[in-house]
Every structure is written in C-alpha cells, then in structure tokens.
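# Generate a structure from the sequence data that follows.
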Amino acid sequence: MADMTDTQKTDTASTTADTTIAAPVATLAMVTLDAPDSTVLGEFYSAVLGWPLAYSDENYAMLTGPSHALGIGTIPDYQRPSWPDGGRKQFHLDLAADDIHAAADRCVELGATRAEPQPGETWIVLLDPAGHPFCISDAKNWG
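Here you go, the predicted model:
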C-alpha cells in the first residue's frame, strides 16, 4: 500500500495531473444551511431524506443521517440564494433517487419548486423552501 504522502500521477491522452495525498487536516462532520426558519427547512429535509430531526427550535435544527448530519440555522434578514446566475451564497446538494421524476414530484409536494431553466436531462434541479438549489439524479450514477 502506498504511503499517504506519495505523489500520484494520473495520465490521460490530453493531460497529466500531479496530486499529493496527505493526511487530512479535518473530516466533514456536518453541512449547515442558512434559512429564514430552521424548523420549516428542517421538517422539509427530514421528509425528503428520511432522516429524523435530532433537534429543532426557532434558531436551529439538526437532522442525523446514517453517516452525516445536516444542520439548519435561522438567520435574521436571510437572503435567498440566486440560481442559476450564481449570485449570493451559492452551493447545492446532490441527492440520489431510483426514480428522479417521482422523487422530484414528491419534493414539490413537500414544498420545493422546480428551478428554471433545467440544464440537464439526467438530473432535475429543485429549490428548497429557503431557495437553496438541489439536484435529484439517478442513484445508479453514484455507485
């Protein structure tokens, strides 16, 4: 087994990339989203992901999944992300489902909206109740 500090080379027909893999500085414990109402967004993601709400009050909610957690913090004067122009605070979650159309329909029933435009054919972009974009793609694509 290679030492974690070994340099690894990846050769392709058009590029050569050098990457150094070192011991991690930290590990991802949780992703936290800002929202105008942590309770509303916590209940939305609890229903979408099937994760229980471990904690919820007017300032903060936390969902616990099999290996990670999702936190939601209430932010006074919250400003929704702008999508697709990439303006204010921007990142998105990628979620996997066996049937992306059924999953997207269920997310809409739970309070999401379909984003416009839809940039791909193999995934669906939605906006959660606080305006964060998230994608539903085929679970088979994730291994």
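
# Got the domain ranges for the protein?
Using automatic domain parsing, the domain parsing of the chain gives 28-76, 83-143.

# Put together TSV for those domains, with distance to Thr20, mean neighbour count and mean pLDDT on each row.
Quick note: C-beta positions are derived from backbone N, CA and C, even for glycine. Listed next are those as TSV, based on distance: least, CB to CB, whole Å; neighbours: other CB atoms under 10 Å; pLDDT from 0 to 100:
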stretch	distance to Thr20	mean neighbour count	mean pLDDT
domain 28-76	20	16	95
domain 83-143	25	15	90
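
# so can I have TSV of those domains showing distance to Ile21?
As requested, the domains of the chain are exported to TSV (distance: least, CB to CB, whole Å):
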stretch	distance to Ile21
domain 28-76	16
domain 83-143	20
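
# Who are the contact partners of Ala29?
His68, Ala69 (CB atoms under 8 Å, 6 or more residues apart in numbering).

# now stretch 95-104: how far from the chain's centre is it?
The chain centroid and the centroid of stretch 95-104 are separated by 14 Å under CA atoms, centre = their mean, to the nearest Å.

# List the contacts of that stretch.
48-49, 112, 114, 122-124, 126, 134-139, 141-142.

# how close does Pro81 sit to Ala130?
Using CB to CB, to the nearest Å, Pro81 is found at 8 Å from Ala130.

# sorry, that was for Leu63
In this view, Leu63 and Ala130 are 14 Å apart by CB to CB.

# and what of Gly120?
Gly120 is 23 Å from Ala130, where distance means CB to CB.

# can you give me the strands in this structure?
7-11, 16-20, 30-35, 53-56, 60-64, 69-74, 93-97, 113-114, 123-127, 133-138 (DSSP state E).

# need these in TSV with distance to Cys107, can you?
Below are the strands of the chain laid out as TSV (distance: least, CB to CB, whole Å):
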stretch	distance to Cys107
strand 7-11	36
strand 16-20	36
strand 30-35	15
strand 53-56	17
strand 60-64	15
strand 69-74	15
strand 93-97	9
strand 113-114	9
strand 123-127	5
strand 133-138	7
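
# closest to Gly42 out of the ones you listed?
strand 60-64 (2.9 Å; CB to CB).
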